[in-house]
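*Asks:* no sequence on this one, just coordinates:
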């Protein structure tokens, strides 16, 4: 009987997509709560305000970095869900684990913003990204094994989806390793990797189109 | 006239699903607000930060437990809604009562995390789960009575949905009872039950498939 | 040119429904943030905790009342949107004004919970409900004038939708007036009206069905 | 391979719309968190409460202004998305940049509400609006270049969409410039422009209909 329930439970890709969009949008917006306006009493001139806002710049940068991260993983999850015919209970639960990692991102970002010179803060941020990436990888492997991937998908698309995650995670891991030298190097490298995934891949695209 | 309004009101399963996804995603994310980053001034070394973060571990565990809870009930509600042809005003209101219990979950979890050794905190957490379970049970009974369940559903699916809730609630109640010995026993048992619903039932599945 | 833009802007009922579900679900969940767990240091026994939680009871009641309010207006708006073929820019803006009133509900509820014996707090709460009701009424009148109501709708349905709002608002206004005697009378009456809209109208329904 | 991934990634307009609705609804609701109820201990009479609430009036006005802003851009984005056949990875990322500007709006509004007489606060608010407008403009240009605009769209619609943004941004820029005289002039002008976009354009519409 439990068996039967599991066969009929958690099958809707649309509901999973809707919950994901909800959790991503809350996660992406919560981060802005960390940007506090300067305290009124401490500000006596435009100059004071300017200085107080400049002091917020690192937080804003961190926020952008985290928005980038969540954006990248949102695009990644969306691409996968678009290729699923339906979901299954076990697959739904791996996606929920992925969404759990999404909800942790505001916390690990806040931590990194507060303790930017501490290696531990960076390692936790990286573990967060690793969890996001490995769960996303797992959902695809699981979807293939369950046979719920749309039948019209080509083998190279499936390979591209998996290779993409592995390459990105290798780069993130390398970035995290750079904290042996300095946490700042790590953060700079990770931001570059993320910007690359968000903006750069335009160039190769047009040149490979003929291929 | 009021009668007529009630006949046309609250009929959209899609809107109900969308509101539910919204409330679940806010509820699942609000819990992370309870994870505060350590205070900057108290941290002077990596070691301090490590100790401060270790002190957060129980809160993180509680958060995971509550995410699990909401995840289980989200899957449960989804499975039911997928089998409805349409909703009705009265059914919609029972679902709203269910969603009310969902919004209380962050509070009762925070309470349990703060007062982990108090029986009352555990009892309130359990009452929350009981409310979630009984409302979900009620929605299904109500949907059957209103005749809005999709006609292609087999009798054993309907029975599986109801039996599932009853068995789970019996286990939660037993777990809550364990607080006679110690609240820690209760929490451990409830987590095991929840992990079972999220992960375990894989094994029986393959073996029963032939049946 | 501006004319043309207005003709093509804001036409999607689905998007309007999705934004509404989002705003309602945040609004319904934000209210729970007002429920703070007792301060750890003040609690030394189960008895202390029990007393601290009892002190939260009025806030919980207020929260339920406000959840009820938002639930009633969510069902009301949903019923209207289900009968629209499409939206138009002006209609969309009236719905946005309605959603603005929705976002104010957590504030006016918190105010009422804090200042339960002050007439002004009650009047502001009632003005909030009045704004919700009148905007909802306006959207329907506007939809009829724009001719975007689905053509298969009967005249009595349209009348039922409007009469429903007028009757409810008359009752709320009467409830607010009771604060001449005591704000507690007002709150009690308004809660009864809301419970009536959420639960009671079952009885007349079956008896009128034959009609 | 990366090329292939980019071709299949981020194609769903529905998912993009759902994420946007989520982010807008959180953004529109977060602003209300800035409205704090008066402190209980400072209020001893209805008169005190009235004065305390009057002191909140500027914040409420700012909140309305910001709700208006987000409403205008929500309608604008919706109108564009309705005319897209599908999305592409690069287009999705410009929309994400637009949504990033949306999440910043609560912060820049709070800043303006706190520092209403400071020019810098106004300039930052205006930069926020400029970012919203230019990203929205960019998404449309990008959609045209990618050829994902629905084929049944007329040339004048496309022109109307772009002209609309340019005219609005010119007006906002003029409003921001007025802060050379006084920030209050700026705010008043910007509110008038926004009210115009939300309410006014009814009149020309009927007169041009024949055209």
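*Replies:* That came through fine. Note that the structure is a prediction, hence the values are computed from the model and not measured.

*Asks:* just the helices in chain A please.
*Replies:* With DSSP state H applied, chain A shows helices at A:2-8, A:13-30, A:46-54, A:57-82, A:89-114, A:119-146, A:155-177, A:183-198, A:202-208, listed in chain order.

*Asks:* Would you tell me which of those gets closest to chain D?
*Replies:* helix A:13-30 (2.8 Å; CB to the nearest CB). For the C-beta atoms, the positions are set from N, CA and C on the backbone; glycine is no exception.

*Asks:* Tell me the helices and strands packed up against the closest one.
*Replies:* If contacts are counted by 3 or more CB pairs under 8 Å, 6 or more residues apart in numbering or on different chains; DSSP states H and E, helix A:13-30 sits against helix A:57-82, helix A:89-114, helix B:13-30, helix B:57-82, helix C:13-30, helix D:13-30, helix D:89-114.

*Asks:* what helices or strands is the last one leaning on?
*Replies:* What it means is helix D:89-114. Under the contact criterion of 3+ CB pairs under 8 Å, 6+ apart, helix D:89-114 touches helix A:13-30, helix A:57-82, helix D:2-8, helix D:13-30, helix D:57-82, helix D:119-146.

*Asks:* closest one to residue D:163 among those?
*Replies:* helix D:119-146 (10.3 Å; CB to CB).

*Asks:* Leaving out chain neighbours, which residue sits closest to whichever residue of chain A sits closest to chain B?
*Replies:* The minimum distance from chain A to chain B, using CB to the nearest CB, falls at residue A:22 (2.8 Å). In space, residue A:22 comes closest to residue B:25 once its chain neighbours are excluded; the distance is 2.8 Å by CB to CB, 6 or more residues apart in numbering or on different chains.

*Asks:* The one you found against residue A:16, yeah?
*Replies:* No: with the criterion set as CB atoms under 8 Å, residue B:25 and residue A:16 do not qualify as a contacting pair; they are 11.5 Å apart.

*Asks:* Tell me which of these two has more neighbours.
*Replies:* It is residue B:25, of residue B:25 and residue A:16, that has more neighbours when counted by other CB atoms under 10 Å in any protein chain shown, with 31 against 25.

*Asks:* Look up the pLDDT of the more buried one for me, please.
*Replies:* The pLDDT attached to residue B:25 in the predicted structure is 93.

*Asks:* list the contacts for it?
*Replies:* For residue B:25, the residues meeting the contact criterion (CB atoms under 8 Å, 6 or more residues apart in numbering or on different chains) are A:19, A:21-23, A:25-26, C:25, D:22.

*Asks:* mind running it again at 6 Å?
*Replies:* With contact set as CB atoms under 6 Å, 6 or more residues apart in numbering or on different chains, residue B:25 has these partners: A:19, A:22-23, A:26.

*Asks:* what does residue A:119 give?
*Replies:* Listed by CB under 6 Å, 6+ apart, the contact set of residue A:119 reads A:179, A:183.

*Asks:* how near is it to residue C:167?
*Replies:* Taking CB to CB, to the nearest Å as the measure, residue A:119 falls 65 Å from residue C:167.

*Asks:* Per-residue pLDDT of the residue located most distally from the centre of chain A, please?
*Replies:* Note on chain A: the largest separation between a C-alpha and the mean C-alpha position, by CA atoms, centre = their mean, falls on residue A:44 (40.0 Å). The score at residue A:44 is 89. That number is its pLDDT.

*Asks:* coming back round to it: pick the most deeply packed of the helices of chain A.
*Replies:* The highest mean neighbour count among the helices of chain A belongs to helix A:13-30 (a mean of 26), with neighbours defined as mean count of other CB atoms under 10 Å in any protein chain shown.

*Asks:* Report the angle between that one and helix C:13-30.
*Replies:* Here helix A:13-30 runs at an angle of 60 degrees relative to helix C:13-30 (axes from the mean of the first three to the mean of the last three CA atoms, to 10 degrees).

*Asks:* worst average pLDDT in the helices and strands packed on helix D:89-114?
*Replies:* Taking the mean pLDDT of each of the helices and strands packed on helix D:89-114, the lowest value is held by helix D:2-8, a mean of 70.

*Asks:* And that helix, how far out from the chain middle?
*Replies:* Relative to the mean C-alpha coordinate of its chain, helix D:2-8 is positioned 31 Å out (CA atoms, centre = their mean, to the nearest Å).

*Asks:* again, but for stretch A:63-81
*Replies:* 4 Å.

*Asks:* what's the answer for stretch A:115-131, then?
*Replies:* Using CA atoms, centre = their mean, we find the averaged C-alpha position of stretch A:115-131 to lie 14 Å away from the chain's own average C-alpha position.

*Asks:* same deal with stretch A:45-57?
*Replies:* When C-alpha coordinates are averaged (CA atoms, centre = their mean), stretch A:45-57 and its chain have centres 31 Å apart.

*Asks:* and what of stretch A:173-180?
*Replies:* Centre-to-centre, stretch A:173-180 and its host chain are 18 Å apart (CA atoms, centre = their mean).

*Asks:* who touches it?
*Replies:* By CB under 6 Å, 6+ apart, the residues outside stretch A:173-180 that reach it are A:119, A:122, A:126, A:185-186, A:189-190.

*Asks:* was I right about residue A:107 contacting residue B:35?
*Replies:* Yes: counting by CB atoms under 6 Å, a contact exists between residue A:107 and residue B:35, whose distance comes to 4.8 Å.

*Asks:* ok, residue A:74 touching residue A:24?
*Replies:* Yes: under the contact definition of CB under 6 Å, residue A:74 touches residue A:24, with a separation of 5.0 Å.

*Asks:* quick one, phi/psi of the closest residue in space to residue A:82 that isn't next to it in sequence?
*Replies:* With CB to CB, 6+ apart as the criterion, residue A:82 has its nearest non-adjacent residue at 5.6 Å, and that residue is residue D:12. For residue D:12, the backbone dihedrals (degrees, to the nearest 10) come out as phi -90, psi 110.
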